[in-house]
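Okay, here's the prediction I keep looking at, along with the sequence it came from:
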Amino acid sequence: MTLALGCIADDYTGASDLANTLTRAGLRTVQTIGIPADDLALPEVDAVVVSLKSRSIEAGLAVSRSRAADKWLRSRGVSHVLFKICSTFDSTDAGNIGPVMDALRADCSEGAVLVTPAFPETGRTVYQGNLFVGAVPLNESPLKDHPLNPMHDSNLVRVLARQSGTKIGLVDLATVARGTDAVRARLAELEAQGIGAAIIDAVFDRDLETIGLVAGEHGLSVGASGIGLGLARALVSTGKVKPAAASSAAGAAVGGTAACLAGSCSQATLKQIASAEKVMPVLHLDPDRILTGPGEAQRALDWARPRLAEGPVLIASSSTPDQVAALQARHGRDAAGHAIEQTMADIAENLVKSGVRRLIVAGGETSGAVVDRLEIPGFLVGAEIAAGVPVLRAVGAEAGDMLLALKSGNFGGPDFFSDALRLMR
Ligand SMILES: Nc1ncnc2c1ncn2[C@@H]1O[C@H](COP(=O)(O)OP(=O)(O)O)[C@@H](O)[C@H]1O
Ligand SMILES: O=C(O)[C@@H](O)C(=O)COP(=O)(O)O
């Protein structure tokens, strides 16, 4: 298989978001969990999105896993790799965006790397290097309260400079608006100043199309689904990829019972849970009990099993920012996150053993823990439920045919769970 585009995503929801964008832009795309085993039967595709769970792990590990994925992709003929990060630049001052970018840049001997988390369809825009989430700067958005990586600085030139070993520049919107030659010239200027990466502004999809045309001439780019859109459209408009219809995961109904799990504490997910209460049974896990004893997963399973035959259920650990902060003060941020993720994975594993074949998971880290536990090696992309969230059909899963939706905490409308279930048959 010779690939037109290789992608490495730092979490699984982000990977499915990108795979969705590439598919809608006409690229035949598969999402793999880690580097696929040689015997995994993958269809002929234009793009592979290798999903890692590397956003919140130690930087050295994120670097080594990303480098291995990059090597695998380049050995399949890829000349450009997109390192997919979150559209809200989720990271800490220790990384992992900067360290991974630096390592991949060194490996492909790139001059200056273009970096943008802009994804206008979901309200993420970048102006003068500042990231906006809807109408507000990142540091005033709900991301200021993220349980693992609260974001307190909207100036991405500063944020990336704290994480990277190279100097960071800016390609501003006025330059992008002047077109590809202006962007190329600015990039050359920055490179000549010894600048190794530049945040590039983008407000509209047309900005991302310009960026995609220039980025595709280089070996590496860093960004969210928006730059994926730009790269994909560039591959199609330059004739390098013949656009395909977006239907790789259409197939027979999988049947089985359906369940939803929410570990995201984002404002959007909290609203979606409140809305789901009106249409399905919802169990709120007790986070303190998760951290102090082993019984909470079993309580959830005992609650869910008799209800599943009647219809979908939702099990949520999600709490408000105040409650999250209080739990973390009692138990520590990492310990709390990890224990809750593993409890969600325990619940998912046992729900699938009980016959669940349609599973919706809200939260990036939560999805990572669940998909790893289910040992699903890859996904084909199906219908779009909401911007950035497709129906996924598992490939090579031990449980057989399964549909999943991995929802980024911040994505989806208030009725997301019902919207997803309607499309997952
Ligand atoms: N009630 C809670 N208190 C503290 N942390 C929580 C709670 N519920 C879930 N978490 C943790 O918060 C993190 C949410 O991250 P994630 O699943 O990536 O969601 P998002 O997509 O919103 O970023 C996970 O590590 C999860 O285990
Ligand atoms: O780019 C995005 O916003 C998403 O694709 C993404 O990465 C989501 O991460 P989580 O919010 O942690 O699910």
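It's in. Ligands and ions are numbered 1, 2, ... in the order given.

and the residue of the stretch 1-150 of the chain found nearest ligand 1, helix, strand or coil?
Among all residues of the stretch 1-150 of the chain, residue 147 sits closest to ligand 1, at 3.7 Å; criterion: CB to the nearest ligand atom. The C-beta positions use only the backbone N, C-alpha and C, and glycine is treated the same way. What DSSP: H, G, I helix; E, B strand; the rest coil gives for residue 147 is coil.

and it, what does it touch?
With contact set as CB atoms under 8 Å, 6 or more residues apart in numbering, residue 147 has these partners: 265, 324, 328, 333, 336-337.

again, but for residue 70
Residue 70 touches 6, 8, 81, 104, 107-108, counting by CB under 8 Å, 6+ apart.

Repeat the analysis, applying 10 Å as the threshold.
6, 8, 50, 78, 81, 83, 100, 103-104, 107-108, 219-220 (CB atoms under 10 Å, 6 or more residues apart in numbering).

just to revisit the earlier point, ranking by neighbours, what's the top pick from the contacts of residue 147?
residue 265 (27 neighbours; other CB atoms under 10 Å).

Helix, strand or coil: sort out that one for me.
coil.

buried stuff in the helix or strand where residue 189 lies?
Assessed by DSSP states H and E, residue 189 sits inside helix 180-192. Using 16 or more other CB atoms under 10 Å as the test for burial, helix 180-192 gives 180, 182-183, 186-187, 190.

So what are the sheet partners of the next helix-or-strand element following it and their directions?
Counting by DSSP H and E, the next helix or strand C-terminal to helix 180-192 is strand 195-200. Sheet pairing of strand 195-200 (DSSP bridges) gives strand 113-116 (parallel), strand 167-171 (parallel).

Any chance you could list what contacts the helix or strand just after the longest one?
Where DSSP H and E defines the elements, the next helix or strand beyond strand 167-171 is helix 173-178. Under the contact criterion CB under 10 Å, 6+ apart, helix 173-178 has outside partners 116, 125-129, 182-187, 189, 200-204, 206-208, 210-211, 214.

Restrict helix 173-178 to CA atoms and write it as CSV.
Below are the C-alpha coordinates for helix 173-178, written out as CSV (Å, rounded to 0.1, in the frame of the first residue of the first chain):
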residue,chain,number,x,y,z
LEU,A,173,-3.6,36.0,8.6
ALA,A,174,-2.7,38.9,6.2
THR,A,175,0.0,36.7,4.8
VAL,A,176,-2.2,33.7,4.5
ALA,A,177,-4.9,35.9,2.7
ARG,A,178,-2.2,36.9,0.1
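
Give me every residue in the stretch 201-350 of the chain lying close to ligand 2.
224-225 (CB under 6 Å from any ligand atom).

Can you show me the helices along the stretch 201-350 of the chain?
205-215, 225-237, 267-276, 287-292, 296-308, 321-331, 333-353 (DSSP state H, counting those that start in this stretch).

tell me the most buried of the ones you listed?
Mean neighbour count (mean count of other CB atoms under 10 Å) peaks for helix 225-237 among those, with a mean of 26.

Just give me how far it sits from the chain centre.
17 Å (CA atoms, centre = their mean, to the nearest Å).

swap in stretch 307-327?
The mean C-alpha position of stretch 307-327 is separated from the chain mean by 21 Å, CA atoms, centre = their mean.

First-to-last residue distance for it?
With CA to CA, to the nearest Å as the measure, the ends of stretch 307-327 fall 29 Å from one another.

what's near enough to touch the residue of the stretch 201-350 of the chain at minimum distance from ligand 2?
With CB to the nearest ligand atom as the measure, residue 224 is the residue of the stretch 201-350 of the chain nearest to ligand 2, at 4.0 Å. Contacts for residue 224 (CB under 10 Å, 6+ apart) come out as 9, 14, 17-18, 21, 82, 84-89, 116-119, 122, 124, 208, 388.

Can you select the buried ones among those for me in ChimeraX?
Only the buried members of the contacts of residue 224 end up in this ChimeraX selection, burial being decided by 16+ other CB under 10 Å:
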select :9,14,17,18,21,82,84,85,86,87,88,89,116,117,118,119,122,124,208,388
